[in-house]
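Engineer: Just the structure for this:
(2 chains)
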Amino acid sequence: MSNPEHPLSILIVDDEPPARARLRELLADIEPQLPTRVVGEADNGLVALERLGGEAADVVLCDIRMPRMDGIELAGHLGGMEPSPAVIFTTAYDNYAVQAFDLNAIDYLLKPVRAQRLLAALQKVRQARPVLSSDTLPAIGREMRGGGRTHLSCHERGRLLLVPVSEVLYFKAELKYVTARTREREFLLDEALTRLEEEFADRFIRLHRAVLVAKDALAGFERAAGDDAEAYGWALLRDVPDRLPVSRRQWALARSFAKGAG
Amino acid sequence: MASIRQIPSPHPLPDWRNFGVILRVLLGANALALAAALLQSGTLAGWLPRYVELAGWVEPLLLAVIGMLAGLRDLLARLPGHSAQAVVLALAAAAAALQYDLWAWLGLADPMAFGMLKAALLAAAAAGLLLGYFEQRTRAFSPALAEARLAALNARIRPHFLFNSLNTVLSLIRAEPKRAEAALEALADLFRAALRDHRELVSLSDEIALGRQYLELEKLRLGERLRVDWQVADVPLDTLIPPLMLQPLLENAVYHGIEPAAEGGVVRIGFSRRSDELAIEIANPMSLAGQHATGNQMAVANIRERLALYYDLEARLEVRQEAGNYCVRITLPCRTRNIPSPS
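Structural biologist: Just a heads-up that it's a prediction; the model follows:
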């Protein structure tokens, strides 16, 4: 956590320029009580993560409904960063999210934001933060937007890489890890395959105990020769030469999807 | 909406020129004729021929009476309720009696004792049943009830919009006080429109002005992301339409079509007129995931219900999704003066 002697560094994330300007004004108003420094602004979650890659921030003030990547998903990715900035949500009106925040003691500010509320929220940042269960935010996000995240995060040598879910061909569970394969390469994820299956049920189907495949990546199927212990058959993919094992249980289901797609 | 204004008791007669009303009269009278045929023939085999025979009597009479009622609509609406109903009954009875006389004179009907009286009584009874139905229906849609429903359906400016707009105004106050003033004035107009009497139709030009004000407010907030294309060619601007028909659809277009897109998009509003129908079309780009579909359907269902309350079957609302666009088209009859009361 930041040194209390230094001003809090803040990133403002909102897709509406007037809303960002308003927060800047309020931060200036509370300057005498709490010195802060705005390190940047972003108009959606993706841009925010990019900015934070350049310069870290102690606090991210973020709107919930934003294009490309919403605030809830952004907070999820930030949670995996080390050190992770504190997130304070700002929202004009969102019944569902606000109820969920109250239930989980997640800090949020209602727009129009009052200076005193902003001050109180920022002062709490230096205290201990509530510990969220790892699926609280994803669950709130899913309920609110009616779908899964747009990106998955992968931490590689201290850097955060974002993997667009739309580019993932398949997920494979291997011992302790889950890997996501895109056209270009593989990414190690800190996720559980069952969670991914649940979250992205509209895009991915299970082929095997350890494999989820994107429905539109399926190109064809091959029966396994002889008695293969590992697989009943193999799935072939568009664009990459990989073959994925299909279990006996999932064989008929998987083939029906390939027909539907093809 | 709480109202201390005296609500006039509903007129028991329907709008005789409304297509939905005419359809109901035709169907109702024919259902009665079918029932009568079944009673008279007693057997299923004789039912249809008997009905055809009866139809020869019923249809010409029905068309003549409907024609007269349509012609006399405004006169009847001015009479007190019970007198108006009595006039309709008398009209039906007289028409039936005259028809019987004419048919007998032409040799189309066998002269019967008291034939004219019978015909008149039967026609009056059928008309009475139908009038009873319409009175019942008017009561079900009585102004008090309809007003409550319309108010509930109307006052749907999203809280999301209100609080975001207030936040925008706050952000403008210090740097651009003039624009902040203009924004607050626009907000006041929008809420005045949302809170006013909902039974009165408003002119198309007022609705368009309100829609423009709404979009100006959203532009303050969304900047370049919101682009608007109005196509108000040669439509009669004094056409009356239900209040707050345009604004909720524009709000929908912004909320579902523009806000989720980082690069924004264009909201297109087009008006066109074909003979005596006005078409309003609002199109917005669809967000990729097709999210928030349920919210869209709610707003559309809301407007559909209001159109039914105002116009019965004479207005339509269609939704199309094509080429990445979500498009709502409303077609309603062109009217330039208020008719007595909705439905």
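
Engineer: Get me the contact residues on the stretch 51-200 of chain A for chain B.
Structural biologist: By Cβ under 8 Å from any Cβ of the partner chain, the residues of the stretch 51-200 of chain A that approach chain B are A:65, A:67-68, A:92-94, A:110-113, A:145-147. Glycine gets a C-beta too; all of them are placed from N, C-alpha and C.

Engineer: most neighbours, which of those?
Structural biologist: Most neighbours among those, by other Cβ atoms under 10 Å in any protein chain shown: A:A92, with 25 neighbours.

Engineer: give the contact list for that one.
Structural biologist: A:A92 is in contact with A:110-111, B:159-160, B:163-164, B:167, counting by Cβ atoms under 8 Å, 6 or more residues apart in numbering or on different chains.

Engineer: How about A:G220, nearest residue that isn't a chain neighbour?
Structural biologist: Excluding its sequence neighbours, the residue lying closest to A:G220 (Cβ to Cβ, 6 or more residues apart in numbering or on different chains) is A:L236, at 4.5 Å.

Engineer: Could you measure from the one you found over to A:E186?
Structural biologist: According to Cβ to Cβ, to the nearest Å, A:L236 and A:E186 sit 18 Å apart.

Engineer: With neighbour numbers in mind, choose between the two.
Structural biologist: For A:L236 versus A:E186, the count of surrounding residues by other Cβ under 10 Å is larger for A:L236: 16 against 13.

Engineer: Where does the prediction get shaky in the stretch 151-300 of chain B?
Structural biologist: B:151-156, B:197-199, B:288-297 (pLDDT under 70).

Engineer: List the buried residues in the helix or strand harbouring A:L52.
Structural biologist: For A:L52, the element it lies in under DSSP states H and E is helix A:45-54. For helix A:45-54, the neighbour count (16 or more other Cβ atoms under 10 Å in any protein chain shown) marks A:45-49, A:51-52 as buried.

Engineer: what does stretch B:262-279 give?
Structural biologist: Within stretch B:262-279, the residues that qualify as buried are B:264-265, B:267-272, B:278-279, counting by 16+ other Cβ under 10 Å.

Engineer: average pLDDT for the host helix or strand of B:A90?
Structural biologist: Using DSSP H and E, B:A90 maps to helix B:81-106. For helix B:81-106, mean pLDDT rounds to 86.

Engineer: now do stretch A:56-71
Structural biologist: In this model, stretch A:56-71 has a mean pLDDT of 93.

Engineer: Look up how far chain A lies from the residue nearest to B:S203 when sequence neighbours are not counted.
Structural biologist: Nearest residue to B:S203, sequence neighbours excluded (Cβ to Cβ, 6+ apart): B:D238, at 5.4 Å. B:D238 is 37 Å from chain A, where distance means Cβ to the nearest Cβ, to the nearest Å.

Engineer: what number of residues lie near B:D238?
Structural biologist: Number of residues near B:D238 (other Cβ under 10 Å) recorded here: 13.

Engineer: and what of the one 5 residues further on?
Structural biologist: For B:P243, the count of nearby residues is 23 (other Cβ under 10 Å).

Engineer: what about it, distance to B:R306?
Structural biologist: Counting by Cβ to Cβ, the gap from B:P243 to B:R306 is 9 Å.

Engineer: same question, A:E82
Structural biologist: Going from A:E82 to B:R306 by Cβ to Cβ gives 55 Å.

Engineer: More neighbours: which of those two?
Structural biologist: B:R306 (24 against 7).

Engineer: ok, back up a step: run through the neighbouring helices and strands of the helix holding B:A90.
Structural biologist: In terms of contacts (3 or more Cβ pairs under 8 Å, 6 or more residues apart in numbering or on different chains; DSSP states H and E), helix B:81-106 is packed against helix B:44-78, helix B:115-140.

Engineer: Going by neighbour count, list what's buried in that helix.
Structural biologist: Here helix B:81-106 shows B:84-85, B:87-89, B:91-93, B:95-97, B:99-100, B:103-104 as buried, counting by 16+ other Cβ under 10 Å.

Engineer: Contact residues of chain B facing chain A?
Structural biologist: Chain B comes close to chain A at residues B:158-160, B:162-164, B:166-168, B:170-172, B:174-175, B:220-223, B:259-262, B:289, B:291-292, as judged by Cβ under 8 Å from any Cβ.

Engineer: May I see the buried residues of the strand or helix carrying B:A301?
Structural biologist: Counting by DSSP H and E, the element that carries B:A301 is helix B:293-311. Buried residues in helix B:293-311, counted by 16+ other Cβ under 10 Å: B:296, B:299-300, B:302-304, B:306-311.

Engineer: Can you show me the CA trace of it as PDB?
Structural biologist: Written as PDB, here are the backbone C-alpha positions of helix B:293-311 (Å, rounded to 0.1, in the frame of the first residue of the first chain):
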ATOM      1  CA  ALA B 293     -32.800  -7.300 -25.000                       C
ATOM      2  CA  THR B 294     -35.300  -7.600 -22.200                       C
ATOM      3  CA  GLY B 295     -35.200  -3.900 -21.400                       C
ATOM      4  CA  ASN B 296     -35.900  -3.200 -25.000                       C
ATOM      5  CA  GLN B 297     -38.900  -5.400 -25.100                       C
ATOM      6  CA  MET B 298     -40.300  -3.800 -22.000                       C
ATOM      7  CA  ALA B 299     -40.300  -0.300 -23.500                       C
ATOM      8  CA  VAL B 300     -41.800  -1.600 -26.700                       C
ATOM      9  CA  ALA B 301     -44.500  -3.500 -25.000                       C
ATOM     10  CA  ASN B 302     -45.300  -0.400 -23.000                       C
ATOM     11  CA  ILE B 303     -45.700   1.700 -26.100                       C
ATOM     12  CA  ARG B 304     -47.700  -1.000 -27.800                       C
ATOM     13  CA  GLU B 305     -50.200  -1.100 -24.900                       C
ATOM     14  CA  ARG B 306     -50.500   2.700 -25.000                       C
ATOM     15  CA  LEU B 307     -51.200   2.600 -28.700                       C
ATOM     16  CA  ALA B 308     -53.900   0.100 -28.100                       C
ATOM     17  CA  LEU B 309     -55.500   2.300 -25.400                       C
ATOM     18  CA  TYR B 310     -55.500   5.300 -27.700                       C
ATOM     19  CA  TYR B 311     -56.200   3.700 -31.100                       C
END
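
Engineer: Going C-terminal from that helix, what's the next secondary structure element?
Structural biologist: Using DSSP H and E, the helix or strand that follows helix B:293-311 towards the C-terminus is strand B:316-322.

Engineer: quick one: contacts of that next one?
Structural biologist: B:286, B:300, B:303-304, B:307, B:326-332.

Engineer: and the angle from it to helix B:293-311?
Structural biologist: If you take axes from the mean of the first three to the mean of the last three Cα atoms, to 10 degrees, strand B:316-322 sits at 150 degrees to helix B:293-311.

Engineer: Show the average pLDDT along strand B:316-322.
Structural biologist: Mean pLDDT, strand B:316-322: 90.

Engineer: do the same with stretch A:180-198
Structural biologist: For stretch A:180-198, mean pLDDT is 92.

Engineer: and the residue nearest to B:V328 when sequence neighbours are not counted, bridged to which residues?
Structural biologist: Nearest residue to B:V328, sequence neighbours excluded (Cβ to Cβ, 6+ apart): B:I282, at 5.1 Å. Beta-bridge pairing for B:I282 (DSSP bridges): B:I269, B:V328.
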